[in-house]
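Chemist: Quick check, what structure comes out for this input:
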Amino acid sequence: MEHNYDFGWSKHEHIRRSARSLGAAHSLYFSMTPWTPPTVDMEGLVSYYDPGRIAAMRKRLRGVDKKRYLRTIIERIEKPGMSGKERVAAICGFISDAIYYNPIQQPQENHVGEMLTDPVELLELHDGRCGQGVLITLALLEAAGIEHRSRNVFHHVTCEAKYDGKWHLADALMFGANQPERDGVVVNVAQLQRDPYFADAFPLRCFEYTPEELLASDGYRLLGYCFGDWGSLAYYSWYMGGDEDYPPMMPVCLPPLRLAGDRVRLRWAASAKRNGGAIRYRVGVYADRARAQKVFERVTHTTSTVFRVPEPNRMYFVSVAATDDHVQKNPNTWYPEAVGNFVLAPRDQYGWYGLL
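Modeler: Got it, this is the predicted structure:
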């Protein structure tokens, strides 16, 4: 039976359908013994897939040549003349786009917690955690004829691919197509374990959830055994033997306040750091949506700063990143930015322009 991967699948739409997907009949607290014991008035289980969803997927795949399914993906994403590094990057980038690191629902067989392990089934469901991401990565590397191996590290599992005579990291769910590299060469697990903080400069975008993804249908937060906001999980260096340390949570941009003349006060909600620690903010204002034309930058310990607007009736784009003392371990530590925008229009001009 012929059935190929759907390259028209939309991760954006998949996440949109997952957001606020739990109704009032579901618990707001996901316990998973023995790690997260139930809480009074909030008992529940980790949210598993509905059995019908898994059954429908398996019906779709009945009779499918799964080796051919995986090979067809490789044939689609590989281009003639690619180097080994480029081939692995294409595979990791595809997996990052195809699999949602779902903070709420896990693709498992039942409440006993039997994890789905078939890479084709996982690709059809589009949800997975680190171990499932590794299974998909190994299967696609196998289909591509690239030597590979899984690597168990602290509280995490990842894998490596061998090309140019050496092993290189291939952590698809964490880093996608942009694996940590030094001087143009992708590092491996052994190198990261010797220098664990090096990888903290590379974006872990899989943990940047929107608020909608972490709320029930009636607007309450989902707690317990699920991933939370940025900052609720440790830096990648922890998995490689570094100290347990958590990044500050992303700040939230607030509408700026008008001041006298051409000045505004840029504002954002205070960030927080798990287990405490000093936080400062890196604020930037840009003349373009791509945030390439910077017109202002400031680092401050407060949650606001004054900006003199160069040109009225023009939209400006604001970014705020919360940073911490982790830069002492790696000055290039990556922090995701919260963004906002506004237009300084005349006070008597009717409409809403992002200013108060």
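
Chemist: Please tell me how far the nearest residue in space to Thr72 that is not next to it in sequence sits from Leu192.
Modeler: Nearest residue to Thr72 in three dimensions, chain neighbours excluded: Asn4, at 5.0 Å (C-beta to C-beta, 6 or more residues apart in numbering). From N, CA and C alone the C-beta is placed, and that goes for glycine too. Applying C-beta to C-beta, to the nearest Å, the value for Asn4 to Leu192 is 35 Å.

Chemist: Looking at the two, which is more packed in?
Modeler: Leu192 (24 against 11; other C-beta atoms under 10 Å).

Chemist: Can you tell me the element the more buried one falls in?
Modeler: helix 189-194 (DSSP states H and E).

Chemist: where's stretch 208-216 relative to the chain centroid, distance-wise?
Modeler: Distance of stretch 208-216 from its chain centroid, counting by C-alpha atoms, centre = their mean, to the nearest Å, is 12 Å.

Chemist: That stretch - what's its average pLDDT?
Modeler: For stretch 208-216, mean pLDDT rounds to 91.

Chemist: try stretch 344-356
Modeler: Stretch 344-356 comes out at a mean pLDDT of 92.

Chemist: still on that earlier bit, and the helix holding Leu192, what other elements does it pack with?
Modeler: The helices and strands touching helix 189-194, judged by 3 or more C-beta pairs under 8 Å, 6 or more residues apart in numbering; DSSP states H and E, are strand 148-153, strand 166-169.

Chemist: Given the shortest one, what are its sheet partners and their directions?
Modeler: It stands for strand 166-169. strand 156-163 (antiparallel) (DSSP bridges).

Chemist: how big is the angle separating the strand it pairs with from strand 148-153?
Modeler: Taking axes from the mean of the first three to the mean of the last three C-alpha atoms, to 10 degrees, one finds strand 156-163 and strand 148-153 inclined to each other by 150 degrees.

Chemist: This protein - how does it break down into domains?
Modeler: Each domain of the chain is listed here as a residue range: 11-206, 253-343, per automatic domain parsing.

Chemist: quick one on the thing from earlier: quick check: which of the helices and strands packed on helix 189-194 is nearest to Cys92?
Modeler: Of all the helices and strands packed on helix 189-194, it is strand 166-169 that lies closest to Cys92, at 9.2 Å by C-beta to C-beta.

Chemist: For the helix or strand that comes right after that closest one, which helices and strands make contact with it?
Modeler: Downstream of strand 166-169, the first helix or strand assigned by DSSP H and E is helix 172-175. Contacts defined by 3+ C-beta pairs under 8 Å, 6+ apart place helix 172-175 against helix 84-98, helix 130-143.

Chemist: which SS class is Trp238?
Modeler: helix (DSSP: H, G, I helix; E, B strand; the rest coil).

Chemist: how close does it sit to Arg205?
Modeler: Counting by C-beta to C-beta - Trp238 and Arg205 are separated by 18 Å.

Chemist: ok, these two, which is more surrounded?
Modeler: Trp238 (20 against 15).

Chemist: With distance to Leu355 as new columns, can the domains of the chain be given to me in TSV?
Modeler: Formatted as TSV, these follow (distance: least, C-beta to C-beta, whole Å):
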stretch	distance to Leu355
domain 11-206	29
domain 253-343	5
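
Chemist: Comparing the ones you listed, which yields the minimum mean pLDDT?
Modeler: Averaging pLDDT over each of the domains of the chain puts domain 11-206 lowest, since it has a mean of 92.

Chemist: Report the distance from that domain to the chain centre.
Modeler: That offset, for domain 11-206, works out to 12 Å (C-alpha atoms, centre = their mean).

Chemist: How far does that domain stretch from one end to the other?
Modeler: 12 Å (C-alpha to C-alpha, to the nearest Å).
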